[in-house]
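K.L.:
Sharing a model prediction with you, sequence too.
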Number of protein chains: 2
Amino acid sequence: MGLADASKRILLGRKLRSSQLGETLLPKRIALPVFASDALSSVAYAPDEVFIMLSIAGTTSYVFSPWIGVAVALVMTAVIASYRQTVHAYPSGGGDYEVASVNLGPAAGTTVASALLVDYVLTVAVSISSGSQYAAAAIPFLSGHEVLFASALVVVLMALNLRGIRESGSYFAVPTYLFMVAIIGMAVYGGYRWAVGTLPEVESAALDVVPREGFEGPLTQFAMVFLLARAFSSGCAALTGVEAISNGVPAFTRPKSRNAASTLLMLGMIAVTMMLSVILLAREMGIRYVDPHELDRLRTAAGDPMPDGYDQHTVIAQIAGALFADFPPGFYFVVTMTGVILVLAANTAFNGFPVLGSILAKDGFAPRALGSRGDRLAYSNGIVFLAVMAIVLIVAFDAQTTKLIQLYIVGVFVSFNLSQLGMIRHWTRHLATEKDPGRRRTMQRSRLINAIGLAFTAVVLVVVLLTKFLEGAWITILAMTAAYFLMRSIRRHYDRVATEIAAEETDKVLPTRVHAIVLVSKLHKPTLRALAYAKASRPNVLEAVCVSTDPAETDRLLAAWDERRIDVPLKVLYSPYRELIKPIVDYAVEIRQANPRGVVAVYIPEYVVGRWWEQLLHNQSALRLKGRLLFTPGVMVTSVPFQLQSSAVALEREDRQLTRVRPGDLRRGRVTSEEAPDRVRPRSPRQR
Amino acid sequence: MGLADASKRILLGRKLRSSQLGETLLPKRIALPVFASDALSSVAYAPDEVFIMLSIAGTTSYVFSPWIGVAVALVMTAVIASYRQTVHAYPSGGGDYEVASVNLGPAAGTTVASALLVDYVLTVAVSISSGSQYAAAAIPFLSGHEVLFASALVVVLMALNLRGIRESGSYFAVPTYLFMVAIIGMAVYGGYRWAVGTLPEVESAALDVVPREGFEGPLTQFAMVFLLARAFSSGCAALTGVEAISNGVPAFTRPKSRNAASTLLMLGMIAVTMMLSVILLAREMGIRYVDPHELDRLRTAAGDPMPDGYDQHTVIAQIAGALFADFPPGFYFVVTMTGVILVLAANTAFNGFPVLGSILAKDGFAPRALGSRGDRLAYSNGIVFLAVMAIVLIVAFDAQTTKLIQLYIVGVFVSFNLSQLGMIRHWTRHLATEKDPGRRRTMQRSRLINAIGLAFTAVVLVVVLLTKFLEGAWITILAMTAAYFLMRSIRRHYDRVATEIAAEETDKVLPTRVHAIVLVSKLHKPTLRALAYAKASRPNVLEAVCVSTDPAETDRLLAAWDERRIDVPLKVLYSPYRELIKPIVDYAVEIRQANPRGVVAVYIPEYVVGRWWEQLLHNQSALRLKGRLLFTPGVMVTSVPFQLQSSAVALEREDRQLTRVRPGDLRRGRVTSEEAPDRVRPRSPRQR
């Protein structure tokens, strides 16, 4: 075992004995943390954004904060209820994309897909930016380097996912449950101290907030409503990630849909509880919280501006700091778990992205390679793309959650709306044929729930668009439009190709003869093997062909040919200017022209080596020749490999790659198991 | 004709009608400029370096400058005389590398090759750095941005060479002759004014130079000798590029060797004349020239330090400026042509590099791909490598010719020495067998000339090493050592592989049977074609194989298979986790195990598309599968291409690439011609 292997074992756990993927279904207690981190993590920043928006009009408007919390909770309830219908109706894991495609047509489906795509990027950017703020709260050294730290975190996540990190139930379960313990424990402890009247004040309680310019006096009713609407739409960030379960139904233990629906309900209740607790506690403890860009609007109790370098801590950090003033481990536990859950939330995007990609690939909206498990490159490109876009956003918006949140949510709510609309159509369609009164009642009830869901999410979408469009949501919409058109044009390309290659009734002409040529450079084992294989395929004509770039070498080859008495004629193509490819292509074309209904079979002996630098030293010409011959009609190219000893290294590497767990596997209920069921189930041959 | 094509026509001249390379031999009047630019261009910086070194001890030592010029001229004469022997004895274009390899063994040959390799990089760095100084003299705007400008120039040269710039005779001839006219014209005009007593003074003539610390008083004899030695070794930069002709003998018109020898003589005379003229004129016109890093050693006539921002112009610029004070076009002509010749000199490195690469590749010291004309990638990598290394040097040494020159020349003189030593051995070896007294006399004369050459170059090498080792030559030696060991290990690898694949008498076993499997995903034209081709090759067993990742799709395929009554059995490999590659590999291994002496032939239908983004959308899995199957013993992989309409685009692009002129073609006497001689000369088949 080399050093590299040893380090891999440490990183990735025990080497997998078998190469088999198996089905591992998630019980609810594991499924909840796997799918919840994205939705729950928003409690880390959504309350902050509510207070920031409200503080525009000064701290008096904080009185509305519980109501905004309640409004968000209401929308959350409606959405959760709606998705419980979806997981029953569409248990295959297609989620919103499938609902929209099936019921509203491919344009709607592609729109949902673009929305999700953009939102994955934003999930990474927002979660990691917020996470780096928490890290800065716990580790003062990081203050002021949030952009660098956040970008580095994204790079680490990318590297882990490229490497094939194993998304395992336990690696989600422990931190997610600990996070719940941290927040709910803090809320309960806070509630107790509130009840006994010893609730402390947060560090910012003594401060005062100057309203933003233009908001000083009593506000007009319209301005007030607009302000509340902005606070509400920022609070709705808590809803992102709710849809994840609808994409993950196949990963649940049976009965899949029912388990998924109960998990959804649990998730919703926990999220709403956390969110409301944090908002209530924060308000009671006297939080003062402004846009980090407007720290100059904060005033000390004496009315002076804050000293330079004042660092405003996040809402949860302030609450934990005050509650656990005498017990620092409590504070560090809350802040650390919040940071960890944010990183996990970002990681879910890396796992959801390939799942979406493979569904899109199946329908021809994304490169086909994304649809099969084997294509590491396609996966890797997707992961790198996601990371690069997230870093671009983090750098462009200075890792400021408050700014990034303006871009967020639009996508999610576009997809919520289309999905609910699709579900209403779904039920209407089924009601048209369903006769059983009991089932009809259930369907009508479901349709009503989805209609209520649509009503709520439509209102939110309008509010979000109105309040955030100019603040940044236009960027999201632009990106969605670009993604939409890209997907459509990929699909158009595949359609065009499909038309071009559709089989017609006349396509059964067999080639009349096969003229095989074996390329020879020297007389060694690979050449002899290629000759033997070519001979075994019994072509009508078989000849060896050598391109002569150096007369002396050609003479040596001819002598060896004679000496070994090889019974295949050797043709020499002279190439005084050391070209290799053109003489062969020309010769193949010539043969084909002499016999247009025949086929030219070109056999190329290849060395198979193991190390990347060996690749550079071998086969470059063979590779290039193969590429060029593909363009020549009537030619088929056969590689006859000869495995050198060093190829064993590469074989092991290849197999490791094939069997590595990929991002998204867990959410499709597919992870590596040690069992190796027999996969080749030959179908009885059909002969006519 | 698209816009891209139009722009290519403008850049590259008329589109080549034929794809044929032909032989275009160079008459002396064209060969001289093609091979001279490197050697002649050193007149642009070598005199400057001589004056810089001498001025360390103050201007009094300038009295030695003509003697240093004479010493350089002497060495030049000896070297030219020696190389005239080489071009007669080794007319194949192998140059110093061939001489050293044949006569002193491969270690010496590889040493010469590493020296040349490193020197190509330095030629680019030094020439372009000096060129950017000239540009700054003519365009004041560039002053202070020399590093950026020089790096940009290297990038432009790289791009042109990657693009396949055509090194044509005329594109060298015109500027090289104009440069000769400029320098020699200036010298003649200067000589005339000197004769009539109106020689003006250069701009720095009124200045004074303070000796460097430690050199103030009268120097010890040793210090003086060391100073002169340093000046001499910098002046020897004039000798670089002389060896180019010995690599280009095949490009000359017949009698090749004699023409090459006369061109060499002409080159030497012109170079010596230019060099001596510039040194003499500069001294007579009162030049004061110091290291640009020590401008504080310059003093005005009043003894004050120079004002801030004083820019010291190059020697040629100062002479031209003074001589043509009343005629600015004269000044600009001299400076511009000097800049142009420096860029051309840098470009010769881009042309010499691939020539060296292909010679090394033939002997197994460089990747084989460099040896054939077809491999664009290998060429491109070499060109990019050269450019990147040159830019690294330019940035590291701040585009200061004075610093870079400390690294230069070592390589050239290592190669000069080994080459002369090799030539002496060559003659001694031939004298051992030669009986004819006339020929023996000629050989003895040649050996004497080479011995004198060796004596001179050995002295210079020792002087260069002593004076420059600590100043930077150690970097060159380090780089040469690294290149040497890299080449040796490449060769070792090829040797090891050759042993492993050497054919033995027992390697004639024919496979007993061929089991062909055709991969099928859908039933379309490419699949039908692959089936037809596979059938035409008459395997013992033929079956179609489909990997089922989606049961519905598989059912559709099976239905279509039945409907079209295809008489090949279709086997379905189930892959519930969407793996494509592993089921096929496993199946192939299984077949092979059942019949170890048989062969498995895997037929893969492939779409051939034309545009790079179409490539991304197709064949990724096929490519990956082919790569993986190569590692499976007993399997041969056949690509059956189906050319889509768009592939025509790529075919045209491929053919353009194949026929494009590559760097170095001209110096091997090979450029594109319109004639297309028949290249396929079939040798009568040998049948036994």
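P.N.:
Received the coordinates, thanks. Numbering: from 1, shown residues only, chains lettered A, B, ... in the order given.
K.L.:
how about low-confidence regions in chain A?
P.N.:
Filtered on pLDDT under 70, chain A yields the residue ranges A:1-24, A:164-170, A:372-378, A:505-509, A:577, A:619, A:654-688.
K.L.:
Counting residues, name the longest helix you see in it.
P.N.:
Counting residues, the longest helix found in chain A (DSSP state H) is helix A:328-362.
K.L.:
How about it and chain B, touching?
P.N.:
Yes - if you take Cβ under 8 Å from any Cβ of the partner chain as the test, helix A:328-362 does meet chain B, through A:358, A:362. C-betas here are computed from N, CA, C, even on glycine.
K.L.:
What is the neighbour count of the closest residue to chain B within the stretch 501-650 of chain A?
P.N.:
Nearest to chain B in the stretch 501-650 of chain A, going by Cβ to the nearest Cβ, is residue A:569, at a distance of 3.2 Å. Residues near residue A:569, counting by other Cβ atoms under 10 Å in any protein chain shown, number 18.
K.L.:
so it touches residue A:544, yeah?
P.N.:
Yes - using Cβ atoms under 8 Å, residue A:569 makes contact with residue A:544 at a distance of 6.9 Å.
K.L.:
by contact count, what packs against the longest helix of chain A?
P.N.:
helix A:28-41, helix A:95-104, helix A:106-138, helix A:146-163, helix A:169-195, helix A:244-247, helix A:315-323, helix A:376-396 (3 or more Cβ pairs under 8 Å, 6 or more residues apart in numbering or on different chains; DSSP states H and E).
K.L.:
ranges for the helices of the stretch 401-550 of chain A?
P.N.:
With helices called from DSSP state H, counting those that start in this stretch, the stretch 401-550 of chain A shows them at A:401-404, A:410-433, A:437-468, A:474-501, A:525-536.
K.L.:
Comparing those helices, which comes out most buried?
P.N.:
Most buried of those by mean neighbour count (mean count of other Cβ atoms under 10 Å in any protein chain shown) is helix A:401-404; its value is a mean of 24.
K.L.:
Give me the distance between that helix and the centre of its chain.
P.N.:
Relative to its parent chain, helix A:401-404 has a centroid offset of 21 Å by Cα atoms, centre = their mean, to the nearest Å.
K.L.:
So what touches it?
P.N.:
The contact list for helix A:401-404 (Cβ atoms under 8 Å, 6 or more residues apart in numbering or on different chains) reads A:45, A:48-49, A:52, A:122, A:125-126, A:129-130, A:133, A:291-293, A:393-394, A:397, A:472.
K.L.:
try stretch A:53-73
P.N.:
Here stretch A:53-73 has contacts from A:46-47, A:50-51, A:208-212, A:215, A:219, A:223-224, A:227-228, A:230-232, A:234-236, A:238-239, A:272, A:275-276, A:279-280, A:282-283, A:287-291, A:297, using Cβ under 8 Å, 6+ apart.
K.L.:
residue furthest from the geometric center of chain A?
P.N.:
If you look at how far each residue of chain A sits from its centre, by Cα atoms, centre = their mean, the farthest one is residue A:563, at 61.1 Å.
K.L.:
Could you write out the alpha-carbon coordinates of the strand or helix carrying residue A:48 in PDB?
P.N.:
With secondary structure defined by DSSP states H and E, residue A:48 is part of helix A:46-54. Taking Å, rounded to 0.1, in the frame of the first residue of the first chain, the C-alpha atoms of helix A:46-54 are listed here in PDB:
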ATOM      1  CA  ALA A  46     -33.600  34.900   7.800                       C
ATOM      2  CA  PRO A  47     -34.400  36.600  11.200                       C
ATOM      3  CA  ASP A  48     -31.400  38.900  10.700                       C
ATOM      4  CA  GLU A  49     -32.800  40.000   7.400                       C
ATOM      5  CA  VAL A  50     -36.200  40.700   8.900                       C
ATOM      6  CA  PHE A  51     -34.700  42.900  11.600                       C
ATOM      7  CA  ILE A  52     -32.500  44.700   9.000                       C
ATOM      8  CA  MET A  53     -35.400  45.600   6.900                       C
ATOM      9  CA  LEU A  54     -37.500  46.700   9.800                       C
END
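K.L.:
and the next helix or strand after that helix, which residues are buried?
P.N.:
As assigned by DSSP H and E, the chain's next helix or strand after helix A:46-54 is helix A:65-89. For helix A:65-89, a neighbour-count test (16 or more other Cβ atoms under 10 Å in any protein chain shown) marks A:65, A:68-69, A:71-73, A:75-89 as buried.
K.L.:
Go ahead and flag the most central residue of chain A.
P.N.:
The centroid of chain A falls nearest to residue A:353 when counting by Cα atoms, centre = their mean (1.8 Å).
K.L.:
Looks like that one contacts residue A:120 (just checking).
P.N.:
Yes - at 5.0 Å, residue A:353 and residue A:120 qualify as touching, with contact defined as Cβ under 8 Å.
K.L.:
Just give me the residues shared between the contact sets of the two.
P.N.:
With Cβ under 8 Å, 6+ apart as the test, residue A:353 and residue A:120 both reach residue A:386.
K.L.:
tell me which element residue A:640 falls in.
P.N.:
Per DSSP H and E: residue A:640 is located in strand A:635-643.
K.L.:
Could you list every helix and strand in contact with that strand?
P.N.:
When contacts are defined as 3+ Cβ pairs under 8 Å, 6+ apart, strand A:635-643 packs onto helix A:525-536, strand A:599-608, helix A:620-629, strand B:635-643.
K.L.:
Ok, which of these comes nearest residue A:489?
P.N.:
strand B:635-643 (22.2 Å; Cβ to Cβ).
K.L.:
report the angle between the axes of the closest one and strand B:599-608?
P.N.:
Here strand B:635-643 points in a direction 20 degrees away from that of strand B:599-608 (axes from the mean of the first three to the mean of the last three Cα atoms, to 10 degrees).
K.L.:
and strand B:635-643, how far from the chain's centre?
P.N.:
Here strand B:635-643 is found 37 Å from its chain centre; the criterion is Cα atoms, centre = their mean.
K.L.:
Stretch A:211-223 now?
P.N.:
Offset of stretch A:211-223 from its chain centre (Cα atoms, centre = their mean): 42 Å.
K.L.:
before we move on, what about stretch A:133-153?
P.N.:
24 Å.
K.L.:
Which one of the helices and strands packed on helix A:328-362 lies nearest to chain B?
P.N.:
helix A:376-396 (6.2 Å).
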